[in-house]
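S.K.: Sequence first, predicted model second:
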Amino acid sequence: MSGSALHIRGLRKAFPKVVAVAGVDLDVARGEVFGLLGPNGAGKTTTLEIIEGLTEADTGEIEILGLTWAEQGQEIRARIGVQLQSTSLFNKITPREALDLYGSYYPKRRGTDDLLDLVQLQEKADAYHITLSGGQQQRLALALALVNDPELVFLDEPTTGLDPQARRSLWDVVRRMKAEGRTVMLTTHYMDEAEALCDRLAIMDHGQVIATGTPTSLIADLAIPSVVELTFEGAAPEPAAFAARLDQTVERRADLWEIPTPDPKALLPRLLEAAEAAAVPFQQVHIRRATLEDVFLHRTGRSLRE
Amino acid sequence: MMMLWRQFAMEWRLYRRDRVAMFWTFAFPVVLLLGFGLIFRDGGGPKLSVVRVQAPAPGPQDTALDQALADVQLKVQALPKAEAEARWARGETAAQVESDGAGYRLRLNSYLMAQAGATAGLVNQAWLMAQARLNGAPEPGRIPISVESPGHKHSANYASFLLPGLLGLNLVSMGLFSVGMVNVSYREKGKFRRLAVTPLPKWLFLLGQVLHRLTVTVIQAAILLLVGRLVFGIQNQGSFLDLFLIMTLGTGCFMAFGFALSGFADTSEGYAALSNLVFFPLMMLSGVYFTLDSAPAWLQHTVAVMPLAPFLRALRAVFNDGGSLAGHEVGLAIVAAWGLAAFALAVRRFRWA
């Protein structure tokens, strides 16, 4: 088990109305959890679908586990596991039947009971798919992606639309995949998910990779490791005058001001003094460390959720 | 082989769980057969009828006409003027005879010209007979009529005419509506995409589906034949092998139509519109409901190469008339050609996503 799991150069895909992927280079090492982070429409899903062989790229090179689609398509399919953004199954198939059926398509397969245990679906093993909750359906989709004991697993927005508890339980499954030595590539637009799960990640925007690295290094590179927040009751007032008085950037969000700073300890006394003097009606002060959200904001000028 | 069997078995297992859909797939043709078969139990189709407005004081001329109308086997409904007019206004009357001065007047419903036209001929014949009888002249001779199928069999039973039509209709709707719609909805909902990332060969998946549909059609046909036999005493006059061959050819042809069409629609709604767009001309121009003798020549040439008519002709020839496939080579070749063309188109247009 050596070499890279994924090697991509100059990937490009244009649809009639939009260039979805505009020259992407990626390298994913074996055994790592790699994340594609970006807002909706950044080109994450298209990139993933090209890698999975569902969409054909206009140009670019892809090597998956040292194989190429043109030469070894069937072997790639046999060795990768895929969870699509929405996995549509027959309404009246049970998890056990679905795992048996999809398992039968592969030369190498993992036991159905083993998989049901892994995703904690034993109790629902014989219930119709349509009766499962959203989280249970996602866990089944994860189990289906593991049915062939794959070396490389692709997960497209695995936790979108799930409640916090269901998200946590899905994260556990992903961590177990890593523990079993699999390479995982996932897309997400949740920065907390990317921070919690990924060894390395690429931030995508407008079809391009704008930054690559570990979550910590990406935040450290930001040179503004902390953010001081002043929260207000109701809408935050216009900060221009206060920013001038403080001689510091102040960004207004819905009900708070954000003041990025490399040194919160030095800023805080000055800040409180200025606020007192200007009679700023704030409610609370928070100091938090910068997140991937701030990295994205800093690089694109936009928020991830916009 | 094992994989094909698994795929086929799973299709069936999931199909059986959708009980409502399955019930109607099998029950609908039977309901149609029972319904129409029982309504038109005697004779070939609906009987011609005429409304006779009762004369206030019937004279010998009226009596003679009434007798003659009965003699030409029209179903006569004698009604008082007011009731007859009310019935006419409701649109239920195809033809109505009433006194008009010294003679009579025949009114035909422009919405029901097929029945009204035939009725008019019989009413006039009855009037010639009545006049001859009144004058003591020899009655005008009548050309004897016999009702026969193209294979010279007399089938008194409307259901026996209906049954092959239903068999054919099932195939068409299975292919055009079921198969195509299922394909489009699988693609729309991403079921195909999930399969496309597995090593399952595509042809194997499709073949499993085709075999499943084929067995559904065979069962459907068997149920229909059984009900036809038990309720109406209709028997297949030809060989079951020929019947099976024709049915298989038809199923293949119209399923290929469904597959081909599904390549042109992105959504289920789009497919519903598209399949109707193909289905109705196919039905209307197949010569099943009316002959197109008076249509323009170019249209007749078009109709001659449509697949539904030769298929139904061959089916009826075997089923009703006990004929063989000989003489239907050209027709069946047309069906096969359409099937192959549709299949080629289906392969070209087929998309997994």
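M.R.: Nice, I can see it.
S.K.: Contacts only, for the residue of the stretch 101-250 of chain A found nearest chain B.
M.R.: Residue nearest to chain B within the stretch 101-250 of chain A: A:Y105 (4.2 Å; CB to the nearest CB). Just so you know, the C-beta spots here come from the backbone N, C-alpha and C atoms, and that holds for glycine as well. By CB atoms under 8 Å, 6 or more residues apart in numbering or on different chains, A:Y105 lies in contact with A:N148, B:M3, B:T198, B:P199, B:L200.
S.K.: Please indicate which of those are buried?
M.R.: A:N148, B:T198, B:L200 (16 or more other CB atoms under 10 Å in any protein chain shown).
S.K.: Where does the prediction get shaky in the chain?
M.R.: Since you didn't name a chain, this refers to chain A. Filtered on pLDDT under 70, chain A yields the residue ranges A:1-2, A:303-306.
S.K.: looking at chain B here, not the other one
M.R.: B:41-47, B:147, B:151-157, B:287-292, B:353.
S.K.: what about the helices in it?
M.R.: With DSSP state H, the ranges of helices along chain B come out as B:2-17, B:19-39, B:60-71, B:81-90, B:113-135, B:158-173, B:180-189, B:191-196, B:202-232, B:240-262, B:268-284, B:297-304, B:308-319, B:329-349.
S.K.: Centre of the chain to the second one, how far?
M.R.: How far helix B:19-39 lies from its chain's middle: 14 Å, per CA atoms, centre = their mean, to the nearest Å.
S.K.: Next one: that helix, is it in contact with chain A?
M.R.: No. With CB under 8 Å from any CB of the partner chain as the criterion, chain A is not reached by helix B:19-39; the gap is at least 10.0 Å.
S.K.: any idea which of the helices of chain B is most buried?
M.R.: Comparing the helices of chain B by mean neighbour count (mean count of other CB atoms under 10 Å in any protein chain shown), helix B:308-319 comes out on top with a mean of 24.
S.K.: Quickly list the domain ranges of the chain.
M.R.: Unless you meant another one, I'm taking chain A. Each domain of chain A is listed here as a residue range: A:4-219, A:223-289, per automatic domain parsing.
S.K.: hm, I was asking about chain B
M.R.: Listed domain ranges for chain B are B:2-40+B:156-349, B:49-135 (source: automatic domain parsing).
S.K.: What's the end-to-end length of the first one?
M.R.: Think domain B:2-40+B:156-349. In domain B:2-40+B:156-349, first residue to last residue: 28 Å (CA to CA, to the nearest Å).
S.K.: And for stretch A:183-199?
M.R.: Start-to-end, stretch A:183-199 (CA to CA) is 11 Å.
S.K.: got a list of contacts for stretch A:262-278?
M.R.: By CB under 8 Å, 6+ apart, stretch A:262-278 touches A:223-226, A:228, A:230, A:241-242, A:245-246, A:248, A:259, A:261, A:280, A:282, A:285, A:287.
S.K.: any idea which element the residue of the stretch 101-250 of chain A closest to chain B lies in?
M.R.: Assigned by DSSP states H and E, A:Y105 belongs to no helix or strand.
S.K.: Can you report how many residues neighbour B:S294?
M.R.: Applying other CB atoms under 10 Å in any protein chain shown, we find 7 residues neighbouring B:S294.
S.K.: now A:T59
M.R.: By the criterion of other CB under 10 Å, A:T59 has 12 neighbours.
S.K.: and what of the one 3 residues further on?
M.R.: Here the number of neighbours of A:I62 (other CB under 10 Å) works out to 20.
S.K.: Over to B:G263?
M.R.: Residues lying near B:G263 (other CB under 10 Å) number 17.
S.K.: about what we covered before: return a PyMOL selection command for the buried portion of the contacts of stretch A:262-278.
M.R.: In PyMOL, this line selects whichever of those come out buried by 16+ other CB under 10 Å:
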select buried, chain A and resi 224+225+226+228+230+242+246+248+259+261+280+282
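S.K.: What about the contacts of stretch A:262-278, which are in helices?
M.R.: Members of these lying in helices (criterion: DSSP H): A:A241, A:F242, A:R245, A:L246.
S.K.: among these, which are in reach of chain B?
M.R.: Counting by CB under 8 Å from any CB, nothing from the ones in helices among the contacts of stretch A:262-278 sits close to chain B.
S.K.: Of those residues, which is the nearest to A:A98?
M.R.: Of all these, A:F242 has the smallest distance to A:A98: 58.3 Å, by CB to CB.
S.K.: Enumerate every residue touching that closest one.
M.R.: Contacts of A:F242 by CB under 8 Å, 6+ apart are A:V250, A:W257, A:A274, A:A275, A:A278, A:V280.
S.K.: Mark which of those are buried, thanks.
M.R.: A:V250, A:W257, A:A274, A:A275, A:V280.
S.K.: need the residues of chain B near chain A, please.
M.R.: Chain B comes close to chain A at residues B:3, B:6, B:10, B:13-14, B:17-18, B:189-191, B:193-194, B:196-200, B:352-353, as judged by CB under 8 Å from any CB.
S.K.: ok now do the residue lying closest to B:P60 once chain neighbours are set aside, which residues does it touch?
M.R.: Leaving out its chain neighbours, the residue that sits closest to B:P60 by CB to CB, 6 or more residues apart in numbering or on different chains is B:L134, at 6.7 Å. Taking CB under 8 Å, 6+ apart as the criterion, B:L134 is in contact with B:P60, B:Q61, B:A64.
S.K.: Kindly provide the distance from the first one to B:Q131.
M.R.: As for B:P60, its distance to B:Q131 is 12 Å (criterion: CB to CB, to the nearest Å).
S.K.: got it, and B:G165?
M.R.: B:G165 is 42 Å from B:Q131, by CB to CB.
S.K.: One more: A:G66?
M.R.: A:G66 is 101 Å from B:Q131, by CB to CB.
S.K.: ok, now B:S324?
M.R.: Separation of B:S324 from B:Q131 (CB to CB): 50 Å.
S.K.: centroid residue for chain A?
M.R.: Centroid-nearest residue in chain A: A:T188, 2.4 Å away (criterion: CA atoms, centre = their mean).
S.K.: Who is that residue paired with across the strands?
M.R.: Taking DSSP bridges as the rule, A:T188 bridges to A:L37.
S.K.: thought it was touching A:D156?
M.R.: No. Taking contacts as CB atoms under 8 Å, A:T188 lies outside contact range of A:D156: 9.1 Å.
S.K.: What residues does the stretch 101-250 of chain A have near chain B?
M.R.: Counting by CB under 8 Å from any CB, the stretch 101-250 of chain A sits next to chain B at A:L101, A:Y102, A:S104, A:Y105, A:Y106, A:P107, A:Y128, A:L144.
S.K.: Number of residues surrounding A:A70?
M.R.: 7.
S.K.: OK, contacts around the closest residue in space to B:G263 that isn't next to it in sequence?
M.R.: Distance criterion CB to CB, 6+ apart; nearest residue to B:G263, sequence neighbours excluded, is B:R349 at 2.7 Å. B:R349 sits next to B:A260, B:G263, B:F264 when contact means CB under 8 Å, 6+ apart.
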